[in-house]
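>>> next come a sequence and a model predicted from it.
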Amino acid sequence: MIIFVDMDDVIADTYGKHIEMYNEEFKKSLSLAHFESGEVWQNVPEMHQDSIRKHARTDGFFRSLEPIKDSISVLKDLSLKHEVYIATAATQFPNSLREKSDWLDEYFPFIGWEYRIMCGHKFILKGDLLIDDRTLNLDKFDGDTLLFNSPHNVHENGYERISSWHEIAKKLL
Ligand SMILES: [Mg+2]
């Protein structure tokens, strides 16, 4: 099976990094539990929202993300059993291309460059399964999909969901 795996908020904790940077800048102590739905910027006072929107264009942002729990070990096992590609819309943030590559070298060195697709649209990808936290990517994909839970997608209906890499392991290993 050919599987495409997204990076941000699937194997890399982008949401958590936004919260961490927000807390640092505005001397707050919010945690993920404060965020029931929506993007991080939608959950803070309006006058602070622009600052969060700039995070992804900040040098070092993508390089400093924490891996999502269990993603390394499960993806390692998954890649022994299936043809696994990382598929990330990196061209949205040109600064992220090098950082994402370096980040993968550090945490996912078992996924070689041939299996890293740094792209824009994902619907041009041809394979069996796409795991992503953005429904706009899943909607047009010509294969099976799994929606990785995130506060920003809790109100999206009609998708098969997964909430952890542990669950992915149970399903695909
Ligand atoms: Mg994502």
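Sure thing, it's come through.
>>> per-residue pLDDT, whatever residue of the chain ends up closest to the ion?
Using CB to the ion, the single residue of the chain nearest to the ion is D8, 3.7 Å away. For the C-beta atoms, the positions are set from N, CA and C on the backbone; glycine is no exception. For D8, the pLDDT comes out at 98.
>>> likewise for the one 5 residues further on?
With respect to pLDDT, D13 has a value of 98.
>>> pop out the phi and psi values for the nearest residue to it once chain neighbours are set aside.
In space, and not counting its chain neighbours, D13 is closest to E66: 4.6 Å by CB to CB, 6 or more residues apart in numbering. Dihedral pair for E66: phi -90, psi 140, per degrees, to the nearest 10.
>>> what about E66, how many neighbours?
Residues near E66, counting by other CB atoms under 10 Å, number 12.
>>> follow-up on the earlier one: residues in contact with the residue of the chain closest to the ion?
Neighbour list for D8: T14, L65, T88, D133 [criterion: CB atoms under 8 Å, 6 or more residues apart in numbering].
>>> my guess is the first one meets L65, correct?
This points to T14. Yes - counting by CB atoms under 8 Å, L65 is a contact partner of T14 at 6.0 Å.
>>> thinking again about what came up before, tell me what the residue of the chain closest to the ion is bridged to.
On the basis of DSSP bridges, D8 takes part in beta bridges with A12.
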